[in-house]
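Novice: Any chance you could fold what I've pasted below:
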Amino acid sequence: MRIDNLTVPLTTKLTGSQEQSGDKAAGFKDLLEEALNNVNNNLIGAEKITQDFALGKEVELHQVILATEQASLALQLTVQIRNKVIEAYQEVMRMQV
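Specialist: Okay, here's the model as predicted:
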């Protein structure tokens with residue numbers, strides 16, 4: 001039985017060139033895009049492993065549960081981050097100048 005490593009979807013580091021070049025907006029965009037792609041890949045992987053299990057392929061039940069929970073948690077985290085960003089934007093828009 002093989003145990004796979006767990007990956008955390010939102011852990012990436014900025015390279016020194018991004019920090020020094022002053023191109024922080026592009027760095028943030030790339031970081032956000034990569035994080036969303038990781039969440040999407042988790043969801044697709046969970047769906048594929050669930051289909052494989054349903055078709056009777058050699059997939060263990062615990063692998064299906066772990067992949068599904070990891071994808072679910074990543075999606076919940078993404079939704080909560082989105083909610084906080086929207087809340088912060090609305091708060092800034094309510095400020096009087």
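Novice: From now on I want contacts and neighbour counts done on CA atoms only, so please keep to that.
Specialist: OK.
Novice: now the helices: where do they sit in this protein?
Specialist: In the chain, the helices defined using DSSP state H lie at 16-21, 24-54, 61-94.
Novice: Just name the most buried of the ones you listed.
Specialist: Among these, helix 24-54 has the highest mean neighbour count (mean count of other Cα atoms under 10 Å), at a mean of 16.
Novice: So which other helices or strands are in contact with that one?
Specialist: Other helices and strands packing on helix 24-54, by 3 or more Cα pairs under 8 Å, 6 or more residues apart in numbering; DSSP states H and E, are helix 61-94.
Novice: what's the distance between the residue most central in space within the chain and residue 58?
Specialist: Note on the chain: the residue nearest the mean C-alpha position is residue 39, at 3.3 Å, using Cα atoms, centre = their mean. Distance, residue 39 to residue 58, by Cα to Cα, to the nearest Å: 25 Å.
Novice: can you check residue 81 too?
Specialist: For residue 81, the distance to residue 58 - Cα to Cα - is 36 Å.
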